[in-house]
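Visitor: got a predicted model here, sequence first, then my questions.
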Amino acid sequence: MRWILGLGLWLAAAGALAQERVATALGTAIDLTHAFDERAIFWPTEEGFVLERGSAGRTPAGYFYAAHRMRLAEHGGTHMDAPIHFHEGGTTAERVSLARLIAPAVVVDVRAACAEDADHAIGRAELERFEAAHGRIPDGAALLLSTGFGARWPERARYLGSDERGAAAVAKLRFPGLAPEAARWLVAERRIAAVGLDTASIDPGRSLLFETHRILFAAEIPAFENLANLDQLPPTGAILVALPMKIRGGSGGPLRAVAILPAAG
């Protein structure tokens, strides 16, 4: 019986992996999106994802039919922050250019530093060390920061630093993010399309002024938050496809993000 249970667990794990990494005509596709369900992590001031069950069954005509309703905030789960989120007059969700949503991915691995310090602020020096090893961050690239926190999903307390809810919980958040000085350097010295990472905010969790958001969004650089599986990507060579719900006037929205690793040869 033990081997049957073990086989079942292995098949379940293999099925989950198959959903994360799939061979396509374009190359290997890696899913960077957490599923939206009751466990999806939202900002402490938000309700979270709610799926309202509707019809699911056989109709009088004999065919199966399923249709439900959902309720969610713009900023929760794997999602995009549009520049207007922290910059008055910034681009709204439906106006973010496809050139910022489909771009070469540059993946900076900062997992070791973030494992030692949950409050780690990823600085300019780390980005420059990456460039020394892998070359200059290309114009038009999406900069992805792999902190390792994606592996903590959906354990809310470990992922956010607190499982409390409400406005008072914001001051108790603890997770890595991009330092404001690094954001200023990126705006002044590089021409990136977007920034993404596997935490709940591009600012470190301890930030109360959200300076990194404000710096990047004033330069019209959108952000992708709560990404998954960044540890499966190489430093360079992948193409990011990050397509948010096209909400007219929205400050962001739920995102389906994948990375394409071109086929060898």
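Guide: Yep, that arrived.
Visitor: so how far is Val107 from Leu261?
Guide: Leu261 is 11 Å from Val107, where distance means CB to CB, to the nearest Å. All C-beta atoms are positioned from the backbone trio N, CA, C, and that covers glycine.
Visitor: ok, the two, which is more surrounded?
Guide: Legend: neighbour count by other CB atoms under 10 Å for Leu261 and Val107, higher for Val107 (23 against 20).
Visitor: shared neighbours of Leu261 and Val107, anything?
Guide: Residues within reach of Leu261 and of Val107 at once, by CB atoms under 8 Å, 6 or more residues apart in numbering, are 233-234, 238.
Visitor: now which of the residues you listed would you call buried?
Guide: When the shared contacts of Leu261 and Val107 are checked for burial by 16 or more other CB atoms under 10 Å, the buried set is 233, 238.
Visitor: closest one of the shared contacts of Leu261 and Val107 to Leu72?
Guide: Nearest to Leu72 among those is Leu233, at 26.5 Å by CB to CB.
Visitor: okay, the nearest residue in space to that closest one that is not next to it in sequence and Phe175: tell me how far apart.
Guide: In this structure, Leu233 finds its nearest non-sequential neighbour in Val107, 4.6 Å apart by CB to CB, 6 or more residues apart in numbering. The gap separating Val107 from Phe175 is 18 Å, by CB to CB.
Visitor: what about Pro60, how many neighbours?
Guide: Residues lying near Pro60 (other CB under 10 Å) number 5.
Visitor: and Arg39, by the same measure?
Guide: Arg39 is flanked by 14 other residues according to other CB under 10 Å.
Visitor: which residues touch it?
Guide: Taking CB under 8 Å, 6+ apart as the test, what Arg39 contacts is Pro154.
Visitor: same check, this time on Gly89
Guide: By CB under 8 Å, 6+ apart, the contact list for Gly89 is empty.
Visitor: same question for the one 5 residues further on.
Guide: Residues near Glu94 by CB under 8 Å, 6+ apart: 246-250.
Visitor: what would those residues look like in CSV with secondary structure, neighbour count and distance to Ala188?
Guide: Putting those into CSV (DSSP: H, G, I helix; E, B strand; the rest coil; neighbours: other CB atoms under 10 Å; distance: CB to CB, whole Å) gives the following:
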residue, secondary structure, neighbour count, distance to Ala188
Lys246, coil, 11, 31
Ile247, coil, 16, 31
Arg248, coil, 8, 32
Gly249, coil, 10, 30
Gly250, coil, 19, 28
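Visitor: report the two of those separated the most.
Guide: By the measure CB to CB, Lys246 and Gly249 form the most distant pair in those, at 10.8 Å.
Visitor: overlap in contacts of the two?
Guide: 93-94.
Visitor: just the shared contacts of Leu261 and Val107: which are in strands?
Guide: Within the shared contacts of Leu261 and Val107, residues falling in strands by DSSP state E are Ala238.
Visitor: dump stretch 256-265 to CSV, keeping only the CA atoms.
Guide: Taking Å, rounded to 0.1, in the frame of the first residue of the first chain, the C-alpha atoms of stretch 256-265 are listed here in CSV:
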residue,chain,number,x,y,z
ARG,A,256,-1.0,35.4,-16.6
ALA,A,257,2.7,35.3,-17.0
VAL,A,258,4.9,32.7,-18.7
ALA,A,259,8.5,32.5,-19.8
ILE,A,260,9.6,30.9,-23.1
LEU,A,261,12.9,29.2,-23.3
PRO,A,262,13.8,29.0,-27.0
ALA,A,263,14.2,25.5,-28.4
ALA,A,264,17.8,24.4,-28.6
GLY,A,265,19.4,24.7,-32.0
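Visitor: buried sites along that stretch?
Guide: 257-261.
Visitor: which residue ranges form the helices in the stretch 1-150 of the chain?
Guide: 2-20, 98-101, 111-116, 124-134 (DSSP state H, counting those that start in this stretch).
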